[in-house]
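Undergrad: Quick one, fold the following:
(4 chains)
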Protein chains: 2
Amino acid sequence: MAKLLRRSRVTPGGPQRKRRTAEAARSAILDAAEQRLIASGPAGIRLQEVAADVGVSHPTVLHHFGSREALVAAVVERLVAALHADVLEAIALAPAGEGNMAALLERVAAVLGERGHGRVLAWLALSGHGSDLPEQRFSSVVVAAHARRKQQRAPGPVPALEDTAFTILLAFLALFGDSILGPELTRSAGLGDPARVGKRFRAWLARVLVDHLARG
Amino acid sequence: MAKLLRRSRVTPGGPQRKRRTAEAARSAILDAAEQRLIASGPAGIRLQEVAADVGVSHPTVLHHFGSREALVAAVVERLVAALHADVLEAIALAPAGEGNMAALLERVAAVLGERGHGRVLAWLALSGHGSDLPEQRFSSVVVAAHARRKQQRAPGPVPALEDTAFTILLAFLALFGDSILGPELTRSAGLGDPARVGKRFRAWLARVLVDHLARG
DNA sequence: GCGACTATCTACAAAGTTGTCAACAGCGAA
DNA sequence: TTCGCTGTTGACAACTTTGTAGATAGTCGC
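TA: Numbering: from 1, shown residues only, chains lettered A, B, ... in the order given. Purely as a prediction, here's the structure:
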């Protein structure tokens, strides 16, 4: 009789099994793993926690990704692609004008801050996943910016390409560093609301950069 | 007979036990844990690995620190103190002159690069150990630098304190970000030897900062 | 409805990690 | 030398985590 009663080896509390398409399951699992990646880094991704977030058992995760390592690789790849697209979009959406440096910095800062893209960059660099970062993109941005710079300021000596590259590098590193420990530093400095201070800092940085590009 | 032969429950390969003072043992364990902290972050510290590095068994580590968490707290505290002292020393050793900005940046960059102080800063900020970072130190540096700045450039309008603070913040964030993903970015940009490019970048940054402080 | 496919589950295994415990052993003091 | 203190150890326990295996059960096509 007992054999007839139990429909599975052990009757679960909620016997209703939700079945998704493989693609939907993979996507949901990647979403959960992405949150864990942002919060705890690649080393902090646990199969059981990710599975619990999605509402499935951890063998289901293994079924869809094969191994924990493959899951980490998949979520890193997806997130790096998203980061890459977001940065390019932020740059592309900045109209070529005068006071748009501040808007561009604000956009890039938002990309690094929201969704934790800055944190993920740091996690990957620290964890040795640096080779997963997009390659040869920085140089293309530099070349495009330098062309626009030479076009905009006709008279005077031609600025060196490296000057443009270093300017962009400085802006990006400052925004990146700010996304990681900016709040801590402003709090430590007692400057008040970190969000407000961050905004003022970026506006100030925009003025410095424009100043340098114009006169440097 | 067998009872007489075995001097311990199981005869170890090397029966020689090295006994250190508690202080020496703690120091050696902290050294090993520090390496692990720099390489893998606070979450990557394993009692067995640290013990193996020192050449002891892992219960010895627990004996000296009580728990893994206490060990992590101890090594973080020691390393943050060392980082703090190194940064203050780098600033203090910079003579108040003209072209010393480059030397100062080089010093701070060395502190962040060597011994992995920059990495540790990032690890702690990402891992939520941000509250372990030194407090109220940034503001004291800003105040001192601002006083020196007002003294050096007598004529003209008095620069705002926030301008000095943002300048220091920019320099530190750029150096910090460069210590984390500078090599990756320069490699991605195909600019050649990251060490050389980093040095050129810091020299360039020094010129930009001095320029801003003088004219801004 | 029925069968094939497969997403999903429970149960288990294997390895790693932290922590406990009793015993051993080096070293200084009486 | 002997004794007490304690740094050190092997063995073990409890827990976590990844991975495997077989069974269960939705879903689609016929």
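Undergrad: After the helix or strand that contains A:A70, which helix or strand is next?
TA: According to DSSP states H and E, A:A70 maps onto helix A:68-92. Counting by DSSP H and E, the next helix or strand C-terminal to helix A:68-92 is helix A:100-113.
Undergrad: Quick one: mean pLDDT for that following helix?
TA: Mean pLDDT, computed over helix A:100-113, is 93.
Undergrad: That one packs against which elements?
TA: helix A:68-92, helix A:117-127, helix A:161-189, helix A:194-215 (3 or more Cβ pairs under 8 Å, 6 or more residues apart in numbering or on different chains; DSSP states H and E). From N, CA and C alone the C-beta is placed, and that goes for glycine too.
Undergrad: how does it look with 7 Å?
TA: helix A:68-92, helix A:161-189, helix A:194-215 (3 or more Cβ pairs under 7 Å, 6 or more residues apart in numbering or on different chains; DSSP states H and E).
Undergrad: For the residue nearest in space to the middle of chain A, which non-adjacent residue is closest in space?
TA: The centroid of chain A falls nearest to A:H117 when counting by Cα atoms, centre = their mean (1.8 Å). The shortest distance from A:H117 to any non-neighbouring residue, by Cβ to Cβ, 6 or more residues apart in numbering or on different chains, is to A:L83 (4.6 Å).
Undergrad: quick one: the one you found and chain B, what's the gap?
TA: 12 Å (Cβ to the nearest Cβ, to the nearest Å).
Undergrad: List the contacts of A:G41.
TA: A:123, A:127, B:126 (Cβ atoms under 7 Å, 6 or more residues apart in numbering or on different chains).
Undergrad: A:V120 is in contact with the last one, correct?
TA: In this case it means B:L126. No. Using Cβ atoms under 7 Å, B:L126 is not in contact with A:V120; the gap is 9.8 Å.
Undergrad: Do you know the pLDDT at A:H84?
TA: Reading off the model, A:H84 has pLDDT 88.
Undergrad: before we move on, back to that, against A:E49, how distant is the residue nearest to the centre of chain A?
TA: Taking Cβ to Cβ, to the nearest Å as the measure, A:H117 falls 22 Å from A:E49.
Undergrad: thinking again about what came up before, what sits in contact with each of B:L126 and A:V120?
TA: By Cβ under 7 Å, 6+ apart, no residue touches both B:L126 and A:V120.
Undergrad: Near chain B, which residues of chain A? Just list them.
TA: Chain A comes close to chain B at residues A:41, A:43-44, A:119, A:121-123, A:125-126, A:130, A:133, A:135-139, A:142, A:165-166, A:169-170, A:173-174, A:176-178, A:180-181, A:184-185, A:188-190, A:201, A:204-205, A:208, A:212, as judged by Cβ under 7 Å from any Cβ of the partner chain.
Undergrad: So among those, which ones count as buried?
TA: For the residues of chain A next to chain B, a burial check counting by 16 or more other Cβ atoms under 10 Å in any protein chain shown picks out A:41, A:44, A:119, A:121-123, A:125-126, A:130, A:133, A:138-139, A:142, A:165-166, A:169-170, A:173-174, A:176-178, A:180-181, A:184-185, A:188-189, A:201, A:204-205, A:208, A:212.
Undergrad: and of the helices and strands packed on helix A:100-113, who's closest to A:R36?
TA: helix A:68-92 (8.4 Å; Cβ to Cβ).
Undergrad: So for the host helix or strand of A:H146, what gets flagged as buried?
TA: Applying DSSP H and E as the criterion places A:H146 in helix A:137-152. For helix A:137-152, a neighbour-count test (16+ other Cβ under 10 Å) marks A:138-139, A:141-142, A:145-146, A:149 as buried.
Undergrad: residues making contact with that helix?
TA: A:84, A:91, A:96, A:158-159, A:161, A:164-165, A:168, A:213, B:185, B:188-190.
Undergrad: how about these, which pair is most distant?
TA: Most distant of those, by Cβ to Cβ, are A:H84 and A:V158, 30.3 Å apart.
Undergrad: what about these two, which has more around it?
TA: Shown here are A:H84 and A:V158; by other Cβ atoms under 10 Å in any protein chain shown, A:H84 has more neighbours (14 against 9).
Undergrad: And the pLDDT for the residue nearest to the more buried one when sequence neighbours are not counted?
TA: Among residues not flanking A:H84 along the chain, A:P134 sits closest, at 4.7 Å (Cβ to Cβ, 6+ apart). A:P134 is assigned a predicted lDDT (pLDDT) of 73.
Undergrad: Over to A:P134. Which of the three states is it?
TA: The local conformation at A:P134, judged by DSSP: H, G, I helix; E, B strand; the rest coil, is coil.
Undergrad: looking at it, A:V80 is touching A:L133, isn't it?
TA: Yes. Judged on Cβ under 7 Å, A:V80 makes contact with A:L133 at a distance of 6.3 Å.
Undergrad: returning to that earlier point: of the contacts of A:G41, closest to DNA strand D?
TA: Checking the contacts of A:G41 against DNA strand D by Cβ to the nearest atom of the strand gives A:S127 as the nearest, at 14.3 Å.
Undergrad: Got phi/psi on A:D31?
TA: Backbone torsions for A:D31, taken as degrees, to the nearest 10, come to phi -60, psi -50.
Undergrad: How about the contacts made by the residue nearest to the centre of chain A?
TA: By Cβ under 7 Å, 6+ apart, the neighbours of A:H117 are A:83, A:86, A:111.
Undergrad: Count the residues that sit near the first one.
TA: Meaning A:L83. 21.
Undergrad: remind me which residues of chain A are low pLDDT?
TA: Scanning chain A with the threshold set as pLDDT under 70 gives A:1-15, A:95-98, A:135-136, A:153-155, A:216.
Undergrad: switch to 80 and redo it
TA: Along chain A, segments meeting pLDDT under 80 span A:1-16, A:94-99, A:130-137, A:152-156, A:188-191, A:216.
Undergrad: Quick one: residues contacting the closest residue to A:F65 other than its chain neighbours.
TA: Spatial nearest neighbour of A:F65, excluding adjacent residues (Cβ to Cβ, 6+ apart): A:L71 at 4.1 Å. Counting by Cβ under 7 Å, 6+ apart, A:L71 touches A:33, A:45, A:61, A:65.
Undergrad: Return the member of those residues nearest to DNA strand D.
TA: For the contacts of A:L71, the residue nearest DNA strand D by Cβ to the nearest atom of the strand is A:I45; the value is 6.2 Å.
Undergrad: Next one: that closest one from chain B, what distance?
TA: Distance from A:I45 to chain B, by Cβ to the nearest Cβ: 12 Å.
Undergrad: and that residue, how many residues sit next to it?
TA: So A:I45, with other Cβ under 10 Å, has 22 neighbours.
Undergrad: will you turn the contacts of A:G41 into a markdown table that also has distance to A:A195?
TA: Formatted as a markdown table, the contacts of A:G41 follow (distance: Cβ to Cβ, whole Å):
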| residue | distance to A:A195 |
| --- | --- |
| A:W123 | 23 |
| A:S127 | 28 |
| B:L126 | 19 |
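Undergrad: No further queries at this time; thank you.
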